[in-house]
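A.B. asks: coordinates only, sequence not included:
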């Protein structure tokens, strides 16, 4: 395992899984939010995001979590493991609310500096989550179906699935080659 692609909708646990997997494997972790946002909640242009994604995807080793679906085909073509975290909308909305309340005024570890969690952003983000909940899931299912035979696919639907998966990685760390 050298290149791991993690996808899922907001609040599904992508960043948390990426961090834990990075700790287990020693592979470098890249969070899409550090590409999407610049300090101070300034959004990068689409072209800049695409360029940064392609640069990460060209590296020999990575755990890359998150969106920017316009580069997914390239990322999937290089990945040897695709993880789809597929959790209920109710759970995801709850997780986003909880993390916003718990980290209000602070930046999460998967965000650039000076991007603190703000309650004022929640209504717009919840609207985005609601509007894309079906279409994003369809897109991720299509991504999984398009995975090449050289790419192992893991579909995580519960905390139990995630624990079992991480335990299996912990047992097989001899197969991991982060170089």
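C.D. replies: Received the coordinates, thanks. If you're wondering where the values come from, they're calculated on a predicted model, not measured in any experiment. Numbers count the residues shown, from 1 in each chain.

A.B. asks: would you map the helices across the protein?
C.D. replies: 14-25, 32-36, 46-57, 72-78, 89-102, 122-145, 159-171 (DSSP state H).

A.B. asks: low-confidence stretches in the chain?
C.D. replies: Low-confidence segments of the chain (pLDDT under 70): 170-179.

A.B. asks: quick revisit: which one of the helices of the chain lies closest to residue 109?
C.D. replies: Of all the helices of the chain, it is helix 14-25 that lies closest to residue 109, at 7.2 Å by Cβ to Cβ. Quick note: C-beta positions are derived from backbone N, CA and C, even for glycine.

A.B. asks: and the angle from the closest one to helix 89-102?
C.D. replies: Counting by axes from the mean of the first three to the mean of the last three Cα atoms, to 10 degrees, helix 14-25 lies at 80 degrees to helix 89-102.

A.B. asks: counting contacts, what elements does helix 14-25 pack onto?
C.D. replies: Under the contact definition 3 or more Cβ pairs under 8 Å, 6 or more residues apart in numbering; DSSP states H and E, helix 14-25 sits against strand 3-8, strand 29-31, strand 62-65, strand 81-85, helix 159-171.
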